[in-house]
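J.: 3D model of this:
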Amino acid sequence: MRTFLDHSFKGLYYFLTDKNFRTFIWLTLRYGDKKRFVPTNTKIRTYRLHLPDGPSFVWQFYEIFFKRSYRFSTTKKQPVIFDCGANIGTSCLFFKEEYPAAIIHAFEPDPTIFKVLSENLQRNQLTDVHLYNVAVWKKEETLEFTSEGADGGALATGSTNTVSVQAIRLKDKIEATGEIDLLKIDIEGAEVEVMRDCASALENVQNIFVEYHSFNNQPQHLNEILEILSKNGFRYYIENESSRRIPFVDKTGKYAMDMQINVFAYRV
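T.: The predicted model follows:
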């Protein structure tokens, strides 16, 4: 009975006690059933934002502000954060709310989304945020990028609807920066190649978030990422974002992925 009550009333508890959950409910009611990829403007609390896609922002807000997935412990007044895959700036807003004096390096390759990112940070007067309209990669080169129109853009894999983007070697940027308090890597499928290349440069990184994507009928490489983290002295926690009710039967997932994993790695 206690378990039933815990699950039944958890939503009500959060609604009564957490302003971010109430905002999430409001966003769900306003944008949850809206047509995808219709630009709009919104105001949440003190933030004024331009949204290229309302429905995807609902779940960004849930993960970042309500669940506070990117929060980390630090005694520094001015932590350094690498936000690889900054999208429209939701994570940057959260970082500045949690760590007002933080120095943020925000990387976003999609030219259209980068314009929204820049606009949102200017609108909300965020300082000490350095913006890079580039893809983080294993070397400097020009790559083809497929823009999804919201938060699902990725390096092109056979698509004809692409744009050329400049890539930088993330390893070089990490080594040139010194100590990094949080390295967030949410780069829609390029994470394995980037982590392989950065493996020897992680000694000065304190916390790492990696969103790992396993694509249907493709080789899986989660073990490589976990091994890289272990060899560099990290302890990790894994959160499964995908849902397959009967995994032995339902062997493929939605959006061409059979698994999406959030990896939180930290030093102890």
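J.: by contact count, what packs against the host helix or strand of A167?
T.: In this structure, A167 sits in strand 163-169 according to DSSP states H and E. Contacts defined by 3 or more Cβ pairs under 8 Å, 6 or more residues apart in numbering; DSSP states H and E place strand 163-169 against strand 135-137, strand 141-146. Glycine gets a C-beta too; all of them are placed from N, C-alpha and C.
J.: got the angle between that strand and strand 141-146?
T.: Going by axes from the mean of the first three to the mean of the last three Cα atoms, to 10 degrees, strand 163-169 is angled at 130 degrees with respect to strand 141-146.
J.: neighbouring strands for strand 163-169, and are they parallel or not?
T.: Here strand 163-169 has these sheet partners by DSSP bridges: strand 135-137 (parallel), strand 141-146 (antiparallel).
J.: Which residue ranges make up each domain of the protein?
T.: The chain breaks down into these domains under automatic domain parsing: 1-67, 69-266.
J.: and the last one, how far apart are its ends?
T.: Spelled out, it's domain 69-266. 13 Å (Cα to Cα, to the nearest Å).
J.: quick one: low-confidence ranges for this protein?
T.: For the chain, the stretches with pLDDT under 70 are 1-8, 157-160.
J.: Kindly recompute the last result at 90.
T.: Of all residues in the chain, those with pLDDT under 90 make up the ranges 1-11, 45, 147-162, 188-189, 241-245, 251-257, 268.
J.: quick one: the helices in it?
T.: 2-17, 19-31, 54-61, 90-98, 111-123, 170-177, 191-198, 222-231 (DSSP state H).
J.: right, so of the ones you listed, which gets closest to Y47?
T.: helix 90-98 (6.0 Å; Cβ to Cβ).
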